[in-house]
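A.B. asks: Sequence and predicted structure below; questions after.
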Amino acid sequence: MPVPVVSENRGDERGALLAYLDAQRGGIRRALHGLTDEQARSRPTVSAFSLADILKHVAVGEQSSLATMRGEPFDFEAGVKRWEDGLAVGDDETVEELLDLYARVARETEETVRSVPSLDDTFSAPKMPWDEGGPRSWRWGLLHQIEETARHAGHADIIRETIDGKGAFDLVFETGALPEPDWSSFR
């Protein structure tokens, strides 16, 4: 838990879920803090992903999930192409542009989630090789997005530590997401 998530207002389930999603997004954004584009594009581990690749992947993935949740038409071949394109940063893409995209997607997700009458409302998940698809609640969709983002935030932590040794807490304090505590008061 690199940053605490403020407790929801009583009964604000949407707010709580969105806050947890944003906390995980923050981990990904912070993993890129202070790096050059070259460092962000580097692949210092056996992973096929760089930090920039992870950023693009989570932005495109969240955007695609939101489209599905909204009931936008899904074309499997186009979806596969979009997913594949979302796995690697193009030479013409910058980390700054991808951070801007991720911020826009986050705002769009929040606005859309807050406009849905109930988290019990459903959308139809398309059939995929790993899932039969079918009706899903918006709650399920948000929880799935939190899960996916958290997985990639942890992946980003490992890649960042490999680049320069900075861990998640180092970056939390360095970016001002939290003030560094007086550690001596915990002894």
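C.D. replies: Sure, I can see it.

A.B. asks: how would you label residue 60: helix, strand or coil?
C.D. replies: Put simply, residue 60 is helix when judged by DSSP: H, G, I helix; E, B strand; the rest coil.

A.B. asks: for the closest residue to it other than its chain neighbours, phi and psi?
C.D. replies: Distance criterion CB to CB, 6 or more residues apart in numbering; nearest residue to residue 60, sequence neighbours excluded, is residue 86 at 3.2 Å. The C-beta positions use only the backbone N, C-alpha and C, and glycine is treated the same way. Dihedral angles of residue 86 (phi, psi; degrees, to the nearest 10) stand at phi -80, psi 0.

A.B. asks: Next, the contact list for residue 86, please.
C.D. replies: Contact partners of residue 86, counting by CB atoms under 8 Å, 6 or more residues apart in numbering, are 56, 57, 59, 60, 61, 64.

A.B. asks: Repeat the analysis, applying 7 Å as the threshold.
C.D. replies: 56, 57, 60, 61 (CB atoms under 7 Å, 6 or more residues apart in numbering).

A.B. asks: Closest to residue 18 out of these?
C.D. replies: Comparing the contacts of residue 86 against residue 18 with CB to CB places residue 61 closest, at 16.8 Å.

A.B. asks: how far does the lowest-mean-pLDDT helix or strand in the chain sit from the chain's center?
C.D. replies: When the helices and strands of the chain are scored by mean pLDDT, DSSP states H and E, helix 76-85 comes last with a mean of 79. Its chain's C-alpha centre and that of helix 76-85 lie 19 Å apart, by CA atoms, centre = their mean, to the nearest Å.

A.B. asks: which outside residues touch that helix?
C.D. replies: By CB under 7 Å, 6+ apart, helix 76-85 touches 60, 64.

A.B. asks: buried set for that helix?
C.D. replies: By 16 or more other CB atoms under 10 Å, helix 76-85 has no buried positions at all.

A.B. asks: which residues are contacting the next helix or strand along the chain from it?
C.D. replies: Using DSSP states H and E, the helix or strand that follows helix 76-85 in sequence is helix 95-115. Contacts to helix 95-115, defined as CB under 7 Å, 6+ apart, come from residues 14, 18, 22, 25, 29, 32, 37, 40, 52, 55-56, 58-59, 62-63, 66, 70, 89, 138, 142.
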